[in-house]
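# How does the following fold in three dimensions:
(chains A and B)
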Amino acid sequence: MNDTVRAYLDAHSGAAAGLPGGAIPWVRQVREQGLARFSEVGFPTTRDEDWKYTSLRAIEKHRFIPAPDRPSGLTSGDLTALDIPGLDAHRCVFVNGRFAPALSSLDRLPAGLTVTGLADALNERADELEPQLGRLTPHNPNGLIALNSAFLADGAYVRVARGCAVDRPLELVYLVHANGQALALHPRSLIIVEPGAEAVILERYISTGDGDRYLNNTTTEILVMESARVDYYKLQDESPKAYHFGGLFVHQDSDTVVSTNNIAVGGSLARTDLAVSFNAPGAHSTLNGLYIGTGRQHLDNHTQVDHRFPECVSDEFYKGILDVRARGVFHGRIVVHQDAQRTEAQQQNKNLLLSRQAEVDTKPQLEIYADDVKCSHGATVGQLDANAVFYLRSRAVAESIARSLLTYAFANDVINRFALAPIRQQLEQHLAAKLLPADQGEVGM
Amino acid sequence: MLSIKNLHADVDNKSILKGVDLEVKAGEVHAIMGPNGSGKSTLANVLAGREGYQITQGEVTYNGHDLLDLSVEDRAREGIFLAFQYPVEIPGVSNLYLLKAAVNSIRKYRGLDEMPAVEFMKLIRDKAKLVDMKPEFLQRSVNEGFSGGEKKRNEILQMAVLEPALAVLDETDSGLDIDALKIVAGGVNALRHEERAIIVVTHYQRLLDYVVPDYVHVLADGRVIRTGDKSLALELERHGYTEMSEAAASAIEARAVS
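Numbering: from 1, shown residues only, chains lettered A, B, ... in the order given. Just a heads-up that it's a prediction; the model follows:
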């Protein structure tokens, strides 16, 4: 065991007694298993095939401290600037991993929708969470997910009751207000969508200080029960110095329709591990992703789709734009298990490199153990088409604008797959701000 | 308007243009004809400012200014338009958006405000009729999935909208059937104007039946070897390029000897 791991274990023994639900045996067990796993495996290293392109050495060097358990002092006015224009949502806010009811707007929740802090839920109705919490993550999770379980304390608890179609999107805002401190955060969320229910759920990871370096190690478990429909978004737009690791585990029962839309634009080193597991026949999953990196950002997306049952469909489409010295990683694994006949699985990853120093490693991986399946995958890495740049310039369009337009056009087809219009507009603005010179205004193609 | 003097240009250290001279005045239509590899497209691309061409000698002045000094976009803003031999497909950028960006970029350069949306749409609809283009084409991505004829009509539409002072049409007739050729030629003729010059680069005489030039220049091995009126195109059609090139070559040799 190295010093870094020991530091986290020490921090844990100091905090463990005060964690919510500490007296409940099964909750303790989830934490203890996480702790045991983390002390056994530590942080992943580049010797691990799944971490070959993403080194955690920078994180091991830092001593991150647990987030203080006191009010942030933020007011709802401070959050107005963080609104997504046009998004009319039920909003649930977490500051430094803690549920912040005063900053949330949950007064209009429809009957059948429960949204609260996980800590409160553990204190008040732990029995309700027992069947799922900590059950949707893998049996042998990587060190970061194990660490999250070890520190499991607060985050979102969402339950959409049977047949409930939620009237507006649910926005879960995970705000880091580090104030210059190198915090370690382990927000943990559980989302259960009961049979026949429908919901649009957005998880946003943002921070107040652009210079803050902290470790945000998140895990979200999502269970989508029979015939339910979920349109899920993850929007990671954290401090350019932040380290973000997100485990996202989606389990789908029969006849469910789920789309996950995974957008990464922020952070210094940011990785999402998304695993979709079909636990019954006839489920449909769309996996959309967009990562946009610049400077020395390192953006990693690992996805795994497990086709365990027949007649499920997965359609995966990830695009990356890397500028300056940014580095992207895409590893998409699709496993079609032996009994998963008549599976349809598609995967595409396309990358655009805007500079000579930008880099991407893309690794599609299909493992097929059934014989009656339709599967395809493809990965591309390219640059802007010089002919297209010349064509636009010859039509009086300035070179910088021409390059921006073409970059925008590259992202356009994946952005169009995000059903939530305010998210599309937000990304258009983000791209315009990142790509267009200040005086060029809206893109609006 | 345009004056090309002793223009030499290389591509990948290979000499393509070897001393081109050409004078074009407002209101004139010039045809540049020549066999494959004679340097026709190189000349068109050099005028538009495409990268990859090294100018080794000579000069090009446009309205009294050094054209070769201008960026690609500034040439367009100064009124030069190149209709591409192979128009580029740009998925994700609509025709309408490209036209709007182009029109407003030129207006900005000239110190004008952006064109009001209603006025812009009317302009585009009027010009689209000129090349028989259906309105739904305007919403589609630039040239994506267009047939050869549609791409060329789209070039003429852009030209009609931008109203250039000097239009260079690079093999606009190539790959067109006769109906498409007539539509394209009709579009070009509608743009003939006493303040506008048009240079038509073509391999075949066919387009010149519809767009009748004031001058015809024959380019061979990087030089203008003959200049005449429209009858020169017909002569070429009858005798071919080889005969004319040989005649020109012996004339040059004769000059060198004397």
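
# Just the local confidence number for residue 57, please.
Defaulting to chain A. Note for A:Arg57: predicted pLDDT of 91.

# looking at chain B here, not the other one
For B:Gln57, pLDDT reads 94.

# Identify the bridge partners of it.
In this entry, B:Gln57 is beta-bridged to B:His8, by DSSP bridges.

# mind listing what it touches?
Residues in contact with B:Gln57, defined by Cβ atoms under 8 Å, 6 or more residues apart in numbering or on different chains, are B:Asn6, B:Leu7, B:His8, B:Gly19. Any C-beta I mention is one placed from the backbone N, CA and C, and that applies to glycine too.

# and which of the residues you listed is nearest to chain A?
Closest approach to chain A among these (Cβ to the nearest Cβ): B:Leu7, at 19.3 Å.

# residues near the residue in the stretch 151-300 of chain A that chain B sits nearest to, how many?
Nearest residue of the stretch 151-300 of chain A to chain B, counting by Cβ to the nearest Cβ: A:Leu290, 13.6 Å away. Per other Cβ atoms under 10 Å in any protein chain shown, the neighbour tally for A:Leu290 reads 22.

# returning to what we had before: can you flag the buried ones in the contacts of B:Gln57?
B:Leu7, B:His8 (16 or more other Cβ atoms under 10 Å in any protein chain shown).

# I'd like the contacts of B:Gln57 written out as a markdown table, with distance to A:Ala326 and pLDDT added.
Listed next are the contacts of B:Gln57 as a markdown table, based on distance: Cβ to Cβ, whole Å; pLDDT from 0 to 100:
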| residue | distance to A:Ala326 | pLDDT |
| --- | --- | --- |
| B:Asn6 | 48 | 95 |
| B:Leu7 | 43 | 95 |
| B:His8 | 42 | 95 |
| B:Gly19 | 48 | 93 |
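
# Can I get the contacts of B:Gln57 in JSON lines including distance to B:Pro35?
Formatted as JSON lines, the contacts of B:Gln57 follow (distance: Cβ to Cβ, whole Å):
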{"residue": "B:Asn6", "distance to B:Pro35": "22"}
{"residue": "B:Leu7", "distance to B:Pro35": "19"}
{"residue": "B:His8", "distance to B:Pro35": "20"}
{"residue": "B:Gly19", "distance to B:Pro35": "18"}
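
# picking up where we left off before, what is the residue of the stretch 151-300 of chain A closest to chain B paired to in the beta sheet?
Applying DSSP bridges to A:Leu290 gives these bridge partners: A:Ile263, A:Lys319.

# which bits of the stretch 101-250 of chain B sit near chain A?
Residues of the stretch 101-250 of chain B lying close to chain A by Cβ under 8 Å from any Cβ of the partner chain are B:Ala101, B:Ala102, B:Ser105, B:Ile106, B:Tyr109, B:Ser141, B:Gln158, B:Leu162.

# among these, which are in strands?
Among those, the members falling in strands (DSSP state E) are B:Ser141.

# Could you point out which of the contacts of B:Gln57 is nearest to A:Glu40?
Distances from A:Glu40 to these, taken as Cβ to Cβ, are shortest for B:His8 (73.0 Å).

# how long is stretch A:351-365 from one end to the other?
One end of stretch A:351-365 to the other measures 17 Å (Cα to Cα, to the nearest Å).

# ok, back up a step: in the residues of the stretch 101-250 of chain B next to chain A, find the pair that's most separated.
The distance between the two most remote of those (Cβ to Cβ) is 25.8 Å, for B:Tyr109 and B:Ser141.

# picking up where we left off before, ok, the residue of the stretch 151-300 of chain A closest to chain B - contacts?
Counting by Cβ under 8 Å, 6+ apart, A:Leu290 makes contact with A:Asn262, A:Ile263, A:Ala264, A:Tyr318, A:Lys319, A:Gly320, A:Ile321, A:Ala411, A:Val414, A:Ile415, A:Leu427.

# Tell me the spacing between the first one and A:Leu354.
Note on A:Asn262: its distance to A:Leu354, by Cβ to Cβ, to the nearest Å, is 21 Å.

# In chain B, what residue comes closest to chain A?
Chain B approaches chain A most closely through B:Gly92 (2.8 Å), counting by Cβ to the nearest Cβ.

# my guess is that residue contacts A:Val414, does it?
No - the pair B:Gly92 and A:Val414 does not pass the contact test of Cβ atoms under 8 Å, sitting 10.5 Å apart.

# Are there residues contacting both of those two? Which ones?
Residues touching both B:Gly92 and A:Val414 (Cβ under 8 Å, 6+ apart): there are none.

# Out of the contacts of A:Leu290, who's the most crowded?
Neighbour counts for the contacts of A:Leu290 (other Cβ under 10 Å) peak at A:Gly320, which has 29 neighbours.
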